[in-house]
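Asker: next come a sequence and a model predicted from it.
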Amino acid sequence: MSEASSVTVDPAALTSGADHPYFAGLMEGEIRLQSCEGCGKHHWPAVFHCPDCGSWDHNWSPVSPEGTIYSWTRTWHSFGGLDAFNAPFVSVVVTLSQVPSVRLLGLLQGDEEGLAIGAPVSGAVHSVEFQGRTIPALSWSLV
Amino acid sequence: MEGIAGRIAAVGTGLRQYKRGTSPLPERGVLIGAILDACADAGFDPSEIDGFASYGDDHNEPVRLMPDLGMKELRWCSSVFGGGGGGIAGALGQAAGAILTGQATAVVVYRALVQGNSGRLSEAVMAHHLNSHMVGAGLVSPAQMCAVRANRMFEHYGVPKQTAEDVVRACYYHGARNPDAVTYGAELSHEAYENSRYIAEPFHLLDCSRENDGAGAILLVSSERARHLKKKPVYVLGVAQGAAKGWGDLLENDDEDQYATVGFKSVAHHLWRQTGLKPSDIDVAQVYENFSAQAVASIVDHGFCSWDEAGDFVRFENLIAPSGKLPINTAGGNIGQGFVHGIGIMVECVHQLRGESANPVPDAKTCLLAGGPGAPIVSSAIFSTEWPD
């Protein structure tokens, strides 16, 4: 793991393209979410075209890195490419407090006491190594 | 009844399966063998095959099968999108559509997988899905993705974990009694299950399907033509494929009411509507179990019970032949029989309804094929011994 500010990466390598600004945001230390310029609705995964109002234009605004655990798993098997993750590790799906219609993925860092669906967490940006790529990502801590 | 409505029949099956890494032939050779087995089973001249359908990114292009089979012409071929087993019944539906619309007359649905040729299946499946969101969370395998859903099902809906163990036990029970199964003669104790190593919580090793080398093939023709072939036809009553809004490759943002399901909301609806049947009309089911918990959710998704009833319904005694309420995976399923990307459970649908299963369900007239659960698109089908006309 390394600090996001030190990474240079082409996030488009493993993104849909529509969510490129999300990864650009992570690289600058922020969670930025897409909202439609036409109707204001948050779409996630990011879309090119708003199915509700027809707009092709979007805003990307920062949201607070706080949420609750929606689900999780603790990985024990050493899956290929995950050497840097040092199994066992916990992956979490997090419902964002500020935009509850959006869930984001990440790694749980630190104390795992109290890990459960519904547990509050706070997030930070870091990066992970995978198959020669440095990928900006979120880490979450139980609060 | 609308749609396929029994106008298409499965008339022959072939399944060749080996321990991973021990296939006696390269992938295409094994597949040719399975297709010839299916033709011999039906008493059908392989040169008369004129169509193919597959799923899950099978690497064997149909045109390359023509020389070995002595085919006169290839009139039609297709494959269902997606790298997982979600398309298994969809391939059957495509084949039926081709025959019903006159684009082909004899279609083989197949899947072949030999590791030396196609690599590990789990990696091939994930190649469809991997993105930086998932990699950043350390989620790179089907087991992990399904584990996250399973934990939601267990924790949020309160489905007892015993249901998953009972699915595994039922698969082993049937596999232990099937000479063609990987688990033939094997016993599974609670201790062995519980003590098998964790892969990704809540999954132990024994919650996960195997990967075998092999190939399977099912020959389909019109029901009129089927009557003149060797074996008793097994009719296709209906097939549904797809995804409802709020499901499918959504970075874990599936709708709340679908998140802990395995994606059959629309597919199950259409299957029951097409066939005019209801869950209680199903005598036996082959429930694709990539992972144990996904089979439990598939049973719920198809309407056999609710989340609240799952603990009572998905019990070992209910899941085994001959007398369970809903015997499942009567050849052993992906966990017990072996796993060539699920094609074995479609073959078992046909065997079971012909009375050829190692674990027969007496007088079974209807068999559900519940396809690969949890995939971005899923599909299911119903087979029957009786032509509804």
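Answerer: Cool, the structure landed. Numbers count the residues shown, from 1 in each chain, chains lettered A, B, ... in the order given.
Asker: CA atoms for contacts and neighbours, from now on please.
Answerer: Noted.
Asker: what about the strands in the stretch 151-300 of chain B?
Answerer: Ranges of strands in the stretch 151-300 of chain B, per DSSP state E, counting those that start in this stretch, are B:198-200, B:203-204, B:213-222, B:234-242, B:284-287.
Asker: can you lay out those strands as JSON lines showing mean pLDDT and distance to B:Asn117?
Answerer: Formatted as JSON lines, these follow (pLDDT from 0 to 100; distance: least, C-alpha to C-alpha, whole Å):
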{"stretch": "strand B:198-200", "mean pLDDT": "98", "distance to B:Asn117": "26"}
{"stretch": "strand B:203-204", "mean pLDDT": "98", "distance to B:Asn117": "28"}
{"stretch": "strand B:213-222", "mean pLDDT": "98", "distance to B:Asn117": "10"}
{"stretch": "strand B:234-242", "mean pLDDT": "98", "distance to B:Asn117": "28"}
{"stretch": "strand B:284-287", "mean pLDDT": "98", "distance to B:Asn117": "27"}
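Asker: deepest of the ones you listed, which one?
Answerer: strand B:213-222 (a mean of 30; mean count of other C-alpha atoms under 10 Å in any protein chain shown).
Asker: now A:Pro88: closest residue in space that isn't a chain neighbour?
Answerer: A:Trp76 (4.5 Å; C-alpha to C-alpha, 6 or more residues apart in numbering or on different chains).
Asker: for the one you found, what are its contacts?
Answerer: A:Ala87, A:Pro88, A:Phe89, B:Tyr198, B:Ile199, B:Ala200, B:Glu201 (C-alpha atoms under 8 Å, 6 or more residues apart in numbering or on different chains).
Asker: and B:Ala243, what's its pLDDT?
Answerer: In this model, B:Ala243 is scored at 98, pLDDT.
Asker: tally of neighbours for it?
Answerer: For B:Ala243, the neighbour count with other C-alpha atoms under 10 Å in any protein chain shown is 18.
Asker: pretty sure B:Leu205 sits against B:Ala192.
Answerer: No - with contact defined as C-alpha atoms under 8 Å, B:Leu205 and B:Ala192 do not form a contacting pair (10.2 Å).
Asker: so which of those two has more stuff around it?
Answerer: B:Leu205 (18 against 11).
Asker: would you mind writing the CA trace of the worst-scoring helix or strand of chain B on mean pLDDT as PDB?
Answerer: For chain B, the helix or strand with the lowest mean confidence is helix B:121-127, at a mean of 78 (criterion: mean pLDDT, DSSP states H and E). Extracted in PDB, the C-alpha atoms of helix B:121-127 (Å, rounded to 0.1, in the frame of the first residue of the first chain):
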ATOM      1  CA  LEU B 121     -12.700 -21.400 -15.300                       C
ATOM      2  CA  SER B 122     -12.800 -19.100 -12.300                       C
ATOM      3  CA  GLU B 123     -10.200 -16.800 -13.900                       C
ATOM      4  CA  ALA B 124     -12.000 -16.800 -17.200                       C
ATOM      5  CA  VAL B 125     -15.300 -15.900 -15.600                       C
ATOM      6  CA  MET B 126     -13.700 -13.000 -13.700                       C
ATOM      7  CA  ALA B 127     -12.000 -11.600 -16.800                       C
END
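Asker: how about it against chain A, any contact?
Answerer: No - Helix B:121-127 does not reach chain A (C-alpha under 8 Å from any C-alpha of the partner chain); its nearest approach is 9.0 Å.
Asker: which other residues reach that helix?
Answerer: B:Gly56, B:Gly82, B:Gly83, B:Gly84, B:Leu113, B:Gln115, B:Val140, B:Ser141, B:Pro142, B:Glu211, B:His341.
Asker: so the nearest residue to the fourth one once chain neighbours are set aside, which state does it fall into?
Answerer: It refers to B:Gly84. The shortest distance from B:Gly84 to any non-neighbouring residue, by C-alpha to C-alpha, 6+ apart, is to B:Gly56 (5.0 Å). Assigned with DSSP: H, G, I helix; E, B strand; the rest coil, B:Gly56 falls in the coil class.
Asker: so B:Gly56 is in contact with B:Ala91, correct?
Answerer: No - with contacts counted by C-alpha under 8 Å, B:Gly56 stays clear of B:Ala91, the gap being 9.7 Å.
Asker: mind listing the shared neighbours of these two?
Answerer: The contact sets of B:Gly56 and B:Ala91 overlap at B:Ser79, B:Val80 (C-alpha under 8 Å, 6+ apart).
Asker: break chain A into its domains for me.
Answerer: A:12-63, A:64-143 (automatic domain parsing).
Asker: looking at those domains, which is closest to B:Gly6?
Answerer: With C-alpha to C-alpha, the closest approach to B:Gly6 among the domains of chain A belongs to domain A:12-63: 38.1 Å.
Asker: which phi and psi does residue 32 have?
Answerer: All of this refers to chain A. phi -110, psi 130 (degrees, to the nearest 10).
Asker: my question was about chain B, not that one.
Answerer: phi -60, psi -40.
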